[in-house]
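Visitor: Pasting the sequence and the predicted model now:
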Amino acid sequence: MSSGANMHITIRLQFAKNVVAFSDIATAVGQAGGDIVGIDVISSSKTHTVRDITVSVLDSKHADVVVDTLRKTTGVKVIHVSDRTFLMHIGGKIEVKSKIPIKTRDDLARVYTPGVARICTAIAEDPTKAYSLTIKRNTVAVISDGTAVLGLGDIGPYAAMPVMEGKAMLFKQLAGVDAFPICLDTKDTEEIVQIVKAIAPAFGGINLEDIAAPRCFEIEERLKQELDIPVFHDDQHGTAVVLLAGLLNALKIVDKKIEDIKVVLTGIGAAGIACTKILLAAGVKNIIGVDRQGAIHRGVQYDNPYWNEYAQLTNPENMTGSLSDVIVGADVFIGVSAPGILTVEDVKKMAKDPIVFAMANPVPEIDPELAEPYVRVMATGRSDYPNQINNVLCFPGIFRGALDCRAIEINEEMKLAAAEAIASVVTDEELSETYIIPSVFNNKVAERVREAVMKAAYKTGVARKDDMMFR
Ligand SMILES: NC(=O)c1ccc[n+]([C@@H]2O[C@H](COP(=O)([O-])OP(=O)(O)OC[C@H]3O[C@@H](n4cnc5c(N)ncnc54)[C@H](O)[C@@H]3O)[C@@H](O)[C@H]2O)c1
Ligand SMILES: O=C(O)C[C@H](O)C(=O)O
Ligand SMILES: [Mg+2]
C-alpha cells in the first residue's frame with residue numbers, strides 16, 4: 001500500500017498531429033493502467049498540439065510507468081510532469097492577513113505608531129490585557145523539531161513544515177483558531193523548552209507536534225510546569241482522545257465491555273504510551289505493548305525509563321515474545337508504530353470480532369483491504385478509508401474550548417470529556433462497522449468538543465474566564 005492512493009499527476013505533452021492522434025495517447029495511458037480524469041488544451045498550431053492531461057495513478061512508481069510509456073510513444077514529447085499535491089504546496093499553504101485595512105494616515109497612526117504606544121503601555125501595566133488587545137487569545141503555536149513526523153521519522157525541521165502548515169489550516173478551518181507553524185532546528189530538550197517559553201507571550205496555547213519519544217515527555221512536562229497557558233502534545237493526547245472515542249463506539253458494535261478486552265498495542269512511543277494511559281484510565285485491564293524487540297514486560301531493565309514504568313502498568317500476565325506471539329486471543333489491535341507490521345495471519349489469531357485500529361501514518365500497520373475479510377471493525381489514520389482515527393478530530397475543538405475559557409492547562413478530565421464528546425456525535429442509529437467515528441468534516445465535532453472541554457475546565461477549576469453559562 002502506498003502513501004499516495006488517489007494520486008493525480010498532470011502531464012504536459014506536445015504531440016505531432018500528423019504522427020499521433022490523441023486517441024493513441026489515451027490508449028497508451030490506459031494500457032499503462034492510468035485513468036485520464038482531465039484534459040486541457042494549452043496551445044495548438046498546424047503541426048503540434050500541447051495539452052495537459054491529468055491522470056489518476058496508484059502511487060509514484062505507477063506514475064513513472066505512465067510517464068515512461070508516454071515518453072516511448074512516437075510523436076509525443078513529455079514537457080513536464082506535475083503532481084497536484086505538489087502544486088498545492090507551492091509557496092506554502094497559509095498566509096497572514098490583516099483584519100483591518102490601513103487606508104489613511106489616520107489609520108496608520110492608530111494601528112501603528114504613535115497610537116499603538118497607548119495599547120503597549122496598557123498591556124505593560126496589566127499583562128492580562130494581552131488577551132484582549134493582541135492575537136494571544138486566539139493564537140496557538142504548533143511546535144515541532146521534525147523528529148517524529150507522521151510515520152516518516154526524523155526528517156528534520158524543514159521537511160516537517162508542510163505537516164505543521166496543514167495542522168494550522170485545520171485549526172483555522174475547523175475551529176477558527178489562528179495557529180502558527182514553528183519548526184525548530186534543534187533536538188536539545190533544554191533548548192526547545194527555553195525557546196518555547198521565550199515565544200509564549202504571543203500565544204494562548206502551545207500544540208507540540210511530531211516530537212519523538214522519549215524527549216517529548218520531558219519537553220511537555222517542563223513546559224506545563226513553567227507556562228501558564230495550555231501545553232498539549234497532540235501525538236500523545238490528541239491521538240489518545242480520538243482512539244478512546246473510536247474504541248468506545250467499536251465496543252458497542254461487538255458488544256464487549258472495556259474491562260474484559262485484551263488489547264495489543266504496537267509502538268511504545270509518544271502516541272502509544274498516551275493511548276495506553278487513557279485506555280487504563282477508561283477501564284482496560286489487559287493491555288500489552290509491543291515495540292521493535294517484542295512485548296514490553298517485567299523482568300528486563302530497559303534503557304528507556306518510560307518502558308520500565310510501562311511494564312509495571314501493563315501486561316498483567318507478563319507475556320513475552322513477538323507481536324505474532326502476543327496477539328493470540330486479542331480483542332483489539334492498536335497500531336501507532338510503522339507500516340505493514342501486522343500480518344493477515346496475526347489478525348486470524350485474534351479473538352472473535354476483531355477490532356483493528358492501524359493508525360500509523362501515512363501507511364498503516366496493515367493494508368485495510370487485506371485485513372477487511374477477517375476483522376469486524378477496521379480503522380486507520382487515513383482520510384481515504386472509513387473510520388479515520390486521527391487527532392484532527394480532537395486538537396481544533398480542544399484548543400477552541402481551552403482558549404475560550406482561558407484555561408491554564410488541558411487536564412485529564414478535559415481529555416476524557418473530549419473523547420466522550422467525539423464518540424457522542426455518532427448516534428446509536430448511525431453506528432455501524434464502517435461508521436464508529438465522525439468525519440473530520442462533521443461540523444458538530446469541534447463545537448461538541450469545545451463545550452465538553454469548557455465544562456470540564458470550569459468543573460476542575462482551571463478556567464480563568466468568568467462564564468456564568470458553565471458554572
Ligand atoms: N492516526 C493518528 O492520529 C496518529 C497520531 C499520532 C501518531 N500516529 C502515527 O503513529 C506512529 C508513531 O507516532 P509517534 O509520534 O508515537 O512516534 P514515536 O517515534 O514517538 O514512536 C514510535 C514507536 O514505534 C516504534 N516502532 C517503530 N517501528 C516499529 C516496529 N516495526 N514494530 C514495533 N514498534 C515499532 C518505535 O520504536 C517507537 O517506540 C506514526 O506512524 C504516526 O504517524 C498516528
Ligand atoms: O498528522 C496526522 O495526520 C496525525 C498525526 O499527528 C501523525 O503524526 O501521524
Ligand atoms: Mg503528529
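Guide: Perfect, thanks for sending it. Keep in mind that this is a model prediction, so the values were computed, not measured. Ligands and ions are numbered 1, 2, ... in the order given.
Visitor: isn't there a strand covering residue 73?
Guide: No: with DSSP: H, G, I helix; E, B strand; the rest coil as the criterion, residue 73 is assigned coil and is not in a strand.
Visitor: thinking it is in contact with residue 20, fair?
Guide: Yes: using CB atoms under 8 Å, residue 73 is in contact with residue 20, at 6.6 Å. In this view, the C-beta of every residue, glycine as well, is placed from N, C-alpha and C.
Visitor: Relative to ligand 1, how far out is the closest residue to residue 215 other than its chain neighbours?
Guide: Excluding its sequence neighbours, the residue lying closest to residue 215 (CB to CB, 6 or more residues apart in numbering) is residue 189, at 5.4 Å. Per CB to the nearest ligand atom, to the nearest Å, residue 189 is found 14 Å from ligand 1.
Visitor: contacting residues around residue 189?
Guide: Neighbour list for residue 189: 215, 218-219, 222 [criterion: CB atoms under 8 Å, 6 or more residues apart in numbering].
Visitor: out of these, which are buried?
Guide: 215, 219, 222 (16 or more other CB atoms under 10 Å).
Visitor: which residues touch the first one?
Guide: Okay, so that is residue 215. 147, 187, 189.
Visitor: Mind checking which of those are in helices?
Guide: Mapping the contacts of residue 215 onto helices (DSSP state H) picks out residue 189.
Visitor: Closest to residue 321 out of the contacts of residue 215?
Guide: Closest approach to residue 321 among the contacts of residue 215 (CB to CB): residue 147, at 29.3 Å.
Visitor: count of neighbours near that closest one?
Guide: Look at residue 147: counted by other CB atoms under 10 Å, it has 18 neighbours.
Visitor: ok, now how distant is the residue nearest to it when sequence neighbours are not counted from residue 150?
Guide: Nearest non-adjacent residue to residue 147, counting by CB to CB, 6+ apart: residue 212, 4.0 Å away. Distance, residue 212 to residue 150, by CB to CB, to the nearest Å: 12 Å.
Visitor: contact partners of the helix or strand bottoming out on mean pLDDT in the chain?
Guide: One helix or strand of the chain scores below all others by mean pLDDT, DSSP states H and E: helix 84-89, with a mean of 90. Helix 84-89 has contacts (CB under 8 Å, 6+ apart) with 4, 7-10, 54, 162.
Visitor: returning to that earlier point: how much space separates the residue nearest to residue 215 from ligand 2?
Guide: Distance from residue 189 to ligand 2, by CB to the nearest ligand atom: 20 Å.
Visitor: For the residue nearest to residue 76 when sequence neighbours are not counted, what are phi and psi?
Guide: If the residues on either side of it in the chain are set aside, residue 76 comes closest to residue 15, at 4.8 Å by CB to CB, 6+ apart. Main-chain dihedrals, residue 15, degrees, to the nearest 10: phi -140, psi 150.
Visitor: Would you confirm that residue 15 contacts residue 22?
Guide: Yes: between residue 15 and residue 22 there is a contact under CB under 8 Å: 7.5 Å.
Visitor: ok, the spatially closest residue to residue 435 that is not a sequence neighbour - contacts?
Guide: The spatial neighbour of residue 435 that comes closest, neighbours along the chain excluded (CB to CB, 6+ apart), is residue 426 at 6.2 Å. Contact partners of residue 426, counting by CB under 8 Å, 6+ apart, are 249, 435-438.
Visitor: Are the helix or strand hosting residue 378 and ligand 1 in contact anywhere?
Guide: Element membership for residue 378, per DSSP states H and E: strand 377-380. No: Strand 377-380 is not in contact with ligand 1 by CB under 6 Å from any ligand atom; minimum separation 7.5 Å.
Visitor: now whichever helix or strand comes after that strand, how far from the chain's geometric center?
Guide: Downstream of strand 377-380, the first helix or strand assigned by DSSP H and E is helix 395-404. In terms of CA atoms, centre = their mean, to the nearest Å, the centre of helix 395-404 is found 16 Å from the chain centre.
Visitor: one step back: and the contacts of helix 84-89 as TSV, adding pLDDT, neighbour count and secondary structure?
Guide: Compiled in TSV, those are given as follows (pLDDT from 0 to 100; neighbours: other CB atoms under 10 Å; DSSP: H, G, I helix; E, B strand; the rest coil):
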residue	pLDDT	neighbour count	secondary structure
4	50	19	coil
7	87	18	strand
8	90	19	strand
9	93	23	strand
10	93	18	strand
54	94	17	strand
162	98	17	helix
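Visitor: Pick out the most distant pair among those.
Guide: The widest separation within those (CB to CB) is 21.7 Å, between 54 and 162.
Visitor: coming back round to it: could I get the least confident helix or strand of the chain in CSV with only the CA atoms?
Guide: Output in CSV follows, covering the C-alpha atoms of helix 84-89 (Å, rounded to 0.1, in the frame of the first residue of the first chain):
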residue,chain,number,x,y,z
ARG,A,84,-1.4,18.1,-7.8
THR,A,85,-0.3,17.6,-4.3
PHE,A,86,3.0,19.3,-5.0
LEU,A,87,1.1,22.1,-6.8
MET,A,88,-1.0,22.7,-3.6
HIS,A,89,2.2,23.3,-1.6
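Visitor: on contacts alone, who are the packing partners of the strand holding residue 378?
Guide: Packing partners of strand 377-380 (3 or more CB pairs under 8 Å, 6 or more residues apart in numbering; DSSP states H and E): helix 239-254, strand 355-358, helix 368-371.
Visitor: Identify whichever of the ones you listed lies nearest to ligand 2.
Guide: Ligand 2 sits nearest to helix 239-254 of all the helices and strands packed on strand 377-380, at 6.6 Å, using CB to the nearest ligand atom.
Visitor: can you tell me if that closest one touches ligand 1.
Guide: Yes: part of helix 239-254 sits near ligand 1 under the criterion CB under 6 Å from any ligand atom, namely residue 239.
Visitor: was I right about residue 442 contacting residue 425?
Guide: Yes: the criterion here is CB under 8 Å, and residue 442 meets it with residue 425 at 6.0 Å.
Visitor: returning to that earlier point: distance check, the residue nearest to residue 435 against residue 309.
Guide: With CB to CB as the criterion, residue 426 and residue 309 are 34 Å apart.
Visitor: OK, now which residue of the chain is nearest to ligand 1?
Guide: In the chain, the residue that lies nearest ligand 1 is residue 269 (1.8 Å; CB to the nearest ligand atom).
Visitor: which residues touch that residue?
Guide: Applying CB under 8 Å, 6+ apart, the residues near residue 269 are 148, 212-213, 291, 336-337.
Visitor: Can you tell me which of those comes closest to ligand 2?
Guide: Nearest to ligand 2 among the contacts of residue 269, counting by CB to the nearest ligand atom, is residue 148 at 7.1 Å.
Visitor: Ligand 1 contacts on this protein?
Guide: Contact residues (CB under 6 Å from any ligand atom) of the chain with ligand 1: 148, 150-151, 212-213, 235, 239, 266-272, 290-292, 336-338, 341, 359-361, 381, 389-391.
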